[in-house]
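Enquirer: Could you look at this predicted model? Sequence included:
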Amino acid sequence: MLILNCPYCGVDADETELAPGGEAHIKRFGPGSSDDDFEEYLFMRENPKGVHFERWRHANGCGKWFHAARCTVTLEVFGTYPAQTFEPPAELSAAISAKRPGWTWRTFS
Amino acid sequence: MKRYSAFAIAREAFRQHSGWDRAWANPEPKKKYDVIIVGAGGHGLATAYYLGRNFGITNVAILEKGWLGGGNTGRNTTIIRSNYLQDPSAALYEKARSLYETLSQDLNYNVMFSPRGVIMLAQTHHEVRGYQRTAHANALQGVKTEWIGPQRVKELCPIMNIDGPRYPVLGGLWQSRGGTARHDAVAWGYARACSDMGMHVIQQCEVTGVRRDGDKLVGVDTNKGAIDCDKMGIVVAGHSGHLAEMAGFRLPLESVALQALVSEPIKPCMDVVVMANTVHGYLSQSDKGEMVIGGGTDGFNNYTQRGSFHHVEETVRALIETFPMLSRLKMLRQWGGIVDVTGDRSPILSKTPVDGVFINCGWGTGGFKAIPGSGWAMAELMAKGESPLTDEFSMHRFREGQFIDESVAAGVAH
Ligand SMILES: Cc1cc2nc3c(=O)[nH]c(=O)nc-3n(C[C@H](O)[C@H](O)[C@H](O)COP(=O)(O)OP(=O)(O)OC[C@H]3O[C@@H](n4cnc5c(N)ncnc54)[C@H](O)[C@@H]3O)c2cc1C
Ligand SMILES: [Zn+2]
């Protein structure tokens, strides 16, 4: 059972309390964008075997959206952070590097 | 290869079963092959088999990081049907279903295909309209399905409660030639036939890198050393994104866990397959008597082959409303597989940006039924560079907006 700490209300919420929201930090493209940008935005997804960043909603709790950093191979949770940001906080990235040296993800923002 | 037959069983019975051959060889890899298939699940093995059978290409290695059929092929609930909505899907899945009809004879291996019939239950008015539409589409596609009323559903499956308070059964989409098959036997039968054609099925051989010269494929790196090849087929289901990354391109899919469970064995009580999409569950009875149950996928990316318990609970909770007798059963085992899901719930059978690399993936929650047809089409694509069955399943269809939207037909994981 996955347990994520909600960065807003501070509750350790278990999975049944949360709604998954898919890949984090997706850049949105509107009318007038190129086909490549639309394809990226709508369909291409990071699918890493390892470090991953996601959006979650504390649906049966305070209702807020937030971000989580997880490992898709071990299900270890590295940490959670608020929604109003384009990339994970520096301390979190450093903590992940300590545990998974050399990890990569797509470029943030 | 010595053929399996009733006569062979009798002959062996008289000599203490000392004369059986190994079903497949266990070779070390050569330096180079014409074709390498990555992944010895059903789709990879079937691709190799039809490369040999239909195109005479037999200098082929099938590399498997674990054991034969140990991926989703050995973890699924074995439902076979072809009642999809869109024409390209109907063509591919019906090709597969029709090949299943004679697969045991073709492979000389009993895959236990059991066309016992599949009902997809309509439990809301929305589903009634949806399935009636599918029945009409299937009639035009030449796929034999039929819309049936609640009384006929009850006749076909007496253990069902059709007047449940929340989700009464309003009818169903019935495919009488759908059913199940023995999943392991499908992998083993193809492996034996491939090995018999001189192909190398190499287990415990993990592909760890793809070597290229510019945009052209050179070969692969494995834990058993580097192996060169002219063409490569990536057929690794949940690990497709990972292999694509090695080859240097991206895919429009995500890998999530899908779970299934079986009950203790009981006497025969249900001789059809039932799928209940609204409540998200499906059910059949195995030859051993176990009730085989599956439900929906978990909601987040995962490579662990473990799922979340509450999905199992949700599936069972929903099913016991329609099948009250299940509430008395003990569940024996539960397991998970990693399935690769695309945006339109349809597979990808495609060339890739790397010359010589082909990909077969995105079967998600429902690719067991497609194994023979997928292998047939993929072999043609790899041998000739195109196939009428795969044309529309290109990995570029998303960019072009040419979806094959099966989120209704594949509304539940199966
Ligand atoms: C619980 C569950 C229930 C399902 N129920 C149904 C159903 O009722 N009906 C239906 O039609 N479908 C069903 N499916 C879906 C079906 O199982 C899959 O679509 C199908 O089996 C995929 O076959 P495959 O050959 O593509 O993949 P797999 O059988 O997963 O084979 C891929 C192989 O690639 C290997 N591999 C991965 N990475 C590497 C590497 N780097 N090097 C070498 N080898 C590698 C893996 O070890 C694996 O053996 C279900 C799936 C699950 C998990
Ligand atoms: Zn909260």
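Expert: Everything's here; your move. Ligands and ions are numbered 1, 2, ... in the order given.

Enquirer: residues contacting residue 93?
Expert: Using chain A. Contact analysis of A:Ser93 by CB atoms under 8 Å, 6 or more residues apart in numbering or on different chains lists A:Glu87. For the C-beta atoms, the positions are set from N, CA and C on the backbone; glycine is no exception.

Enquirer: Not quite, go with chain B.
Expert: B:81-82, B:84, B:369-370, B:373.

Enquirer: Which pLDDT value belongs to the residue nearest to B:Ser327 when sequence neighbours are not counted?
Expert: Once flanking residues are discounted, B:Ser327 sits nearest to B:Ile320: 4.6 Å by CB to CB, 6 or more residues apart in numbering or on different chains. B:Ile320 is assigned a predicted lDDT (pLDDT) of 89.

Enquirer: before we move on, which element is B:Ile320 in?
Expert: helix B:309-322 (DSSP states H and E).

Enquirer: partner strands of the helix or strand just after that helix, parallel or antiparallel?
Expert: Going down the chain from helix B:309-322, the next helix or strand is strand B:331-342, by DSSP H and E. Paired neighbours of strand B:331-342 in the sheet (DSSP bridges): strand B:253-265 (antiparallel).

Enquirer: got the buried residues for the partner strand?
Expert: B:253-263 (16 or more other CB atoms under 10 Å in any protein chain shown).

Enquirer: In contact with the residue nearest to A:Pro20 when sequence neighbours are not counted: list those residues for me.
Expert: Of all residues not flanking A:Pro20 in the chain, B:Gly299 sits nearest, at 3.6 Å (CB to CB, 6+ apart). For B:Gly299, the contacting residues are A:19-20, B:256, by CB under 8 Å, 6+ apart.

Enquirer: and if you look at B:Ile57?
Expert: B:Ile57 neighbours (CB under 8 Å, 6+ apart): B:34-35, B:51, B:383.

Enquirer: How much space separates it from ligand 1?
Expert: 19 Å (CB to the nearest ligand atom, to the nearest Å).

Enquirer: Check the gap between that residue and B:Phe393 for me.
Expert: 21 Å (CB to CB, to the nearest Å).

Enquirer: A:Leu75 now?
Expert: For A:Leu75 relative to B:Phe393 (CB to CB), the value is 32 Å.

Enquirer: The two: which is more packed in?
Expert: B:Phe393 (25 against 15; other CB atoms under 10 Å in any protein chain shown).

Enquirer: Pretty sure the more buried one sits against B:Asp344.
Expert: No - look at B:Phe393 against B:Asp344 with CB atoms under 8 Å: they stay out of range, at 10.2 Å.

Enquirer: What residues does chain A have near chain B?
Expert: A:1-2, A:15-16, A:19-20, A:22-23, A:35-36, A:38-39, A:42-45, A:47-49, A:52, A:54, A:70, A:72-75 (CB under 8 Å from any CB of the partner chain).

Enquirer: What residues does the stretch 1-150 of chain B have near ligand 1?
Expert: B:38-44, B:63-66, B:70-73, B:75-79 (CB under 6 Å from any ligand atom).

Enquirer: Filter these down to the buried ones.
Expert: B:38-44, B:63-65, B:70-73, B:75-79.

Enquirer: Just the residues you listed: which are in helices?
Expert: Among those, DSSP state H puts B:42-44 in helices.

Enquirer: okay, those residues in CSV with pLDDT next?
Expert: Shown next, in CSV, are those (pLDDT from 0 to 100):
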residue, pLDDT
B:Gly42, 98
B:His43, 98
B:Gly44, 98
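
Enquirer: what about the closest residue to ligand 1 within chain A, neighbour count?
Expert: For chain A and ligand 1, the shortest gap (CB to the nearest ligand atom) falls at A:Lys49, measuring 9.6 Å. Using other CB under 10 Å, A:Lys49 has 17 neighbouring residues.

Enquirer: So it: helix, strand or coil?
Expert: Three-state call for A:Lys49 (DSSP: H, G, I helix; E, B strand; the rest coil): coil.

Enquirer: Please name the residues that touch it.
Expert: A:72-73, B:239, B:241-242, B:303.

Enquirer: Chain neighbours aside, what residue packs nearest to the residue positioned nearest the centre of chain B?
Expert: Nearest to the mean C-alpha position of chain B, by CA atoms, centre = their mean, lies B:Phe368 at 1.5 Å. Sequence neighbours aside, B:Asn76 is the residue nearest to B:Phe368 in space, at 4.5 Å (criterion: CB to CB, 6+ apart).

Enquirer: So among the residues of chain A next to chain B, which ones count as buried?
Expert: Looks like those have A:2, A:15, A:20, A:23, A:38-39, A:42-45, A:47-49, A:52, A:54, A:70, A:72 buried, using 16+ other CB under 10 Å.

Enquirer: Out of the residues you listed, name the ones that lie in strands.
Expert: A:20, A:23, A:52, A:54, A:70 (DSSP state E).

Enquirer: Also within reach of ligand 2: list those from those residues.
Expert: Among these, not one lies near ligand 2 by CB under 5 Å from the ion.

Enquirer: And the worst-scoring helix or strand of chain A on mean pLDDT, what does it pack against?
Expert: Least confident element among the helices and strands of chain A, by mean pLDDT, DSSP states H and E: helix A:35-42 (a mean of 90). Helices and strands touching helix A:35-42, by 3 or more CB pairs under 8 Å, 6 or more residues apart in numbering or on different chains; DSSP states H and E, are helix B:397-400.

Enquirer: Helices of chain A, residue ranges please.
Expert: A:35-42, A:90-99.

Enquirer: Can you add distance to B:Val153 and give these back as JSON lines?
Expert: JSON lines is the format used below for these (distance: least, CB to CB, whole Å):
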{"stretch": "helix A:35-42", "distance to B:Val153": "38"}
{"stretch": "helix A:90-99", "distance to B:Val153": "52"}
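
Enquirer: Good, we can wrap up now.
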